[in-house]
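Participant: Model the following, please.
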Amino acid sequence: MLSFPSQETTFLFPGPAGDIEVLTTVPEKSPPKASVIICHPHPVYGGTLHNKVVSTLARAFNNLGLRTVRFNFRGVGKSAGVHDEGKGEAADVLELAHWLQTLFPNDELWLAGFSFGGFVAATASTQLPVAQLISVAPQVSRFISPKLPPITSPWLIIQGEADEVVSPQALYAWVETLQPMPQLIRMPGAGHFFHGQLIKLRETVEKALAVAIPNK
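Facilitator: Sure thing, here's the model as predicted:
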């Protein structure tokens, strides 16, 4: 059983389809209060664990006192396998989650994702005891399907109002159909990749989730 690194580390984790390239971080000032797995955007369009939005989320979670796990989807970087339209990627989230649950059985598990990664994280959340789900500009077209079970975890969605990839209006209309309804934060002027708004995104995440941090 691999231990969790005490400082920022990149390593290969044994997954269902072979090695998973993983990057972990820990908060600087206090012992971690929970673990969060962050999923990156679509690999066919260049998404990797080093995506700026993903890195921004990791910084926000570290500032909130959480350890983070980022990983490359199948076929990206040093991760083995091939792109699996979200199914295999969600299976890899489950594998990483089980590792964290074994190491830290008393800690909360959070899942987060950006764009396509938002769909992957949400899919995995239906099979795990997730204390908090975070979706940033999620690919709403992938959610409109009867195959995805209802999501009952506390759920935060952040959407840029100038998104040129995901239709903000389609996302807002979809959110209105959900029960329970997620918390929705709209970011005026923000495009899909939050260019020029990454600091604002980090601050928004930290402010919105400060009340959700578990006490130890």
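
Participant: and the residue nearest to Thr123 when sequence neighbours are not counted, how many neighbours?
Facilitator: Closest residue in space to Thr123, ignoring its immediate chain neighbours: Ala90 at 4.2 Å, by Cβ to Cβ, 6 or more residues apart in numbering. Every residue, glycine included, has its C-beta placed from N, CA and C. Ala90: 22 surrounding residues under other Cβ atoms under 10 Å.

Participant: And what about Ala90, helix, strand or coil?
Facilitator: The three-state label given to Ala90 by DSSP: H, G, I helix; E, B strand; the rest coil is helix.

Participant: do you know how far it is from Val211?
Facilitator: 28 Å (Cβ to Cβ, to the nearest Å).

Participant: Now do the contacts for the residue nearest to Thr123.
Facilitator: Val120, Thr123, Ala124, Gln127 (Cβ atoms under 8 Å, 6 or more residues apart in numbering).

Participant: what do you get if the cut-off is 6 Å, keeping everything else the same?
Facilitator: Val120, Thr123, Ala124 (Cβ atoms under 6 Å, 6 or more residues apart in numbering).

Participant: cool, Pro138 as well?
Facilitator: By Cβ under 6 Å, 6+ apart, Pro138 lies in contact with Gly118.

Participant: For it, what are phi and psi?
Facilitator: phi -70, psi 150 (degrees, to the nearest 10).

Participant: Okay, now the unreliable bits of the protein?
Facilitator: 146, 216 (pLDDT under 70).

Participant: any chance you could map the helices in it?
Facilitator: 52-63, 87-103, 116-125, 140-143, 168-175, 198-209 (DSSP state H).

Participant: Would you format those helices as a markdown table with distance to Pro43 included?
Facilitator: Shown next, in a markdown table, are these (distance: least, Cβ to Cβ, whole Å):
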| stretch | distance to Pro43 |
| --- | --- |
| helix 52-63 | 12 |
| helix 87-103 | 9 |
| helix 116-125 | 8 |
| helix 140-143 | 14 |
| helix 168-175 | 22 |
| helix 198-209 | 21 |
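
Participant: and among those, the most buried is which?
Facilitator: Comparing the helices of the chain by mean neighbour count (mean count of other Cβ atoms under 10 Å), helix 116-125 ranks first with a mean of 27.
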